[in-house]
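Visitor: No letters, just coordinates:
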């Protein structure tokens, strides 16, 4: 045994039962593919089982098998699958799995694919019990055990049987210790017992739980490994999915805080299991870090941020921002009310300020888009400043076009940059310009009509209006009259 209580050698096989229809989810998606904290239910189970280093991992699929197999092929290519064409019970599913694992001998761990709260430690302790027993079941004591199979113990404390709730007597329903659906067996003994399963129960199915009674009748010992009520909770409907999500959210936040991440209000922080954070990250209230996001040391995220598949480098500051697939450079600042779309890269010290949207755009070191601008399909050089209300006009109705803005450029406020376009290093554009041609380095581009003032237009076209009265009272209007006489 090692210090965790796990067997010194990996299990011969891990079998995950994931063939059920999950009708209470009321969904076209197979139950085990519903997501919580960034991973499908079955992903959580396989994630917890991965440290066991099993020589064989097999998932039994059935309902929605095409979707489940496609998901496993993409996310867990090392996992094999077998189809249970007719769902004739958990015992039948285990039999199908063992047919594919005919070469396997030694410890076999059987798991349910809809139990995302199971821990690696639970699995290790269940396997460890095989040192002295033919089978081990993971159990927990529930305050409300209705619906779960009850653990019937012998006078000596061993497990005599598991009785399903629908088949239990009134006395057995008073038992609070329940079955988690996690078992460890010796492979050869499991094969032998499965061959003796019957279907004389309310469901007319082969119950895997009956294997324990068969082993006991053959003189073998069966034990229980007890865990917390929380760890064995399965997901059968949307309420339980949300409940599991809340528990996992708390666990993940606790793990990151113990690893050096500060959270002002962890109850309002959601972090996917797939995200990575470094020590000295600070998360303010109402923050979601999802997908494969990476937040590096010294970064401050929040309040009110949603970062998905986003990298925030050291000492970046992100406030009231939605970011999808962006890279935020070291010391860069973002927000508030900013939207960074896929392909956006902010260099070190760069700024994407309030009410800015960026898409497929690269902002150079110390460059700034301070406020009220749209930047799409663009490359912006070092030290450049994009004035307020600038729009990169990248779409002509059929195709997207690119704009390149050089180093140390000053784009005046309310400029339209009509792509494709190149603005040379050190160039300026006048405020209110529409720029349709390339601008040479160091040039000033002016793309606006000459202003003309039509005197007394309001007095002639809007006589008696508040505007006309204000104009008549204005001293500058009187001066204009005098100038006209002279």
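Guide: Yep, it's here. Please read these numbers as outputs of a predicted model, since none were measured by experiment.
Visitor: Which other helices and strands does the longest strand along the chain contact?
Guide: Counting residues, the longest strand found in the chain (DSSP state E) is strand 177-186. Contacts defined by 3 or more Cβ pairs under 8 Å, 6 or more residues apart in numbering; DSSP states H and E place strand 177-186 against strand 107-112, helix 120-128, strand 135-141, strand 150-153. Glycine gets a C-beta too; all of them are placed from N, C-alpha and C.
Visitor: Quick check: which of those is buried the most?
Guide: Comparing those by mean neighbour count (mean count of other Cβ atoms under 10 Å), strand 107-112 ranks first with a mean of 26.
Visitor: Next, the angle from that strand to helix 120-128.
Guide: Strand 107-112 runs at 140 degrees relative to helix 120-128, counting by axes from the mean of the first three to the mean of the last three Cα atoms, to 10 degrees.
Visitor: Please name the strands paired to strand 107-112 in the sheet, noting orientation.
Guide: strand 13-18 (parallel), strand 177-186 (antiparallel) (DSSP bridges).
Visitor: out of the ones you listed, deepest packed?
Guide: Among those, highest average neighbours (mean count of other Cβ under 10 Å) belong to strand 13-18, with a mean of 27.
Visitor: Low-confidence stretches in this structure?
Guide: Low-confidence segments of the chain (pLDDT under 70): 1-8, 475-486.
Visitor: Just after the top helix by length along it, pick out the following helix or strand.
Guide: The residue-count maximum for a helix in the chain (DSSP state H) belongs to helix 238-258. Proceeding N to C from helix 238-258, the next assigned helix or strand is strand 262-263, under DSSP states H and E.
Visitor: Quick check: end-to-end length of stretch 257-270?
Guide: 13 Å (Cα to Cα, to the nearest Å).
Visitor: ignore the last one, stretch 152-166
Guide: 15 Å.
Visitor: Next: stretch 34-41.
Guide: 6 Å.
Visitor: and that stretch, which residues are buried?
Guide: Within stretch 34-41, the residues that count as buried by 16 or more other Cβ atoms under 10 Å are 34, 36, 37, 38, 39, 40, 41.
Visitor: Also stretch 390-403?
Guide: For stretch 390-403, a neighbour-count test (16+ other Cβ under 10 Å) marks 390, 391, 392, 393, 394, 401, 402, 403 as buried.
Visitor: do stretch 428-448 as well
Guide: Buried, per 16+ other Cβ under 10 Å, within stretch 428-448: 428, 429, 430, 431, 432, 433, 434, 435, 439, 445, 447.
Visitor: separation between the residue nearest to residue 76 when sequence neighbours are not counted and residue 290?
Guide: Spatial nearest neighbour of residue 76, chain neighbours left out: residue 46 (5.6 Å); criterion: Cβ to Cβ, 6 or more residues apart in numbering. Using Cβ to Cβ, to the nearest Å, residue 46 is found at 20 Å from residue 290.
Visitor: before we move on, what about residue 426?
Guide: Distance, residue 426 to residue 290, using Cβ to Cβ: 41 Å.
Visitor: before we move on, what about residue 62?
Guide: Noted for residue 62: a distance of 30 Å to residue 290, by Cβ to Cβ.
Visitor: So for residue 354, which of the helices and strands packed on strand 177-186 sits nearest?
Guide: Taking Cβ to Cβ, helix 120-128 is the member of the helices and strands packed on strand 177-186 nearest to residue 354, at 44.7 Å.
Visitor: From start to finish, how long is stretch 415-432 in a straight line?
Guide: 5 Å.
Visitor: Buried ones in it, by neighbour count?
Guide: Neighbour counts over stretch 415-432 (16+ other Cβ under 10 Å) mark 415-419, 421-432 as buried.
Visitor: which one is residue 101 nearest to, not counting chain neighbours?
Guide: Closest residue to residue 101 apart from its sequence neighbours, by Cβ to Cβ, 6+ apart: residue 13 at 5.3 Å.
Visitor: Including distance to residue 90, could the strands paired with strand 107-112 go into TSV?
Guide: As requested, these are exported to TSV (distance: least, Cβ to Cβ, whole Å):
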stretch	distance to residue 90
strand 13-18	6
strand 177-186	8
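Visitor: The longest helix of the chain packs against which elements?
Guide: Other helices and strands packing on helix 238-258, by 3+ Cβ pairs under 8 Å, 6+ apart, are strand 35-36, strand 262-263, strand 269-271.
Visitor: Looking at those strands, which one is packed in the most?
Guide: strand 269-271 (a mean of 23).
Visitor: So what touches it?
Guide: 37, 249, 252-253, 256, 263, 277, 283, 285-290 (Cβ atoms under 8 Å, 6 or more residues apart in numbering).
Visitor: Next, the residues that contact stretch 424-442 from outside, please.
Guide: 381, 387, 406-418, 421-423, 443-448.
Visitor: Restricted to strands, list those.
Guide: Cross-referencing those against strands under DSSP E gives 410, 411, 416, 417, 418, 421, 422, 423, 444, 445.
Visitor: Who does the residue nearest to the first one when sequence neighbours are not counted form a beta bridge with?
Guide: Of all residues beyond its chain neighbours, the one nearest residue 410 is residue 428 (4.7 Å), with distances taken as Cβ to Cβ, 6+ apart. Legend: beta-bridge partners of residue 428 under DSSP bridges are residue 410, residue 444.
Visitor: which of the contacts of strand 269-271 count as buried?
Guide: By 16+ other Cβ under 10 Å, the contacts of strand 269-271 give 37, 249, 252-253, 256, 263, 277, 283, 286-290 as buried.
Visitor: I'd like the residues you listed as a markdown table, with distance to residue 471 appended.
Guide: A markdown table is the format used below for the buried ones among the contacts of strand 269-271 (distance: Cβ to Cβ, whole Å):
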| residue | distance to residue 471 |
| --- | --- |
| 37 | 63 |
| 249 | 62 |
| 252 | 65 |
| 253 | 62 |
| 256 | 63 |
| 263 | 58 |
| 277 | 61 |
| 283 | 55 |
| 286 | 49 |
| 287 | 52 |
| 288 | 53 |
| 289 | 56 |
| 290 | 57 |
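Visitor: What's the end-to-end length of stretch 404-424?
Guide: Using Cα to Cα, the span of stretch 404-424 from its first residue to its last is 8 Å.
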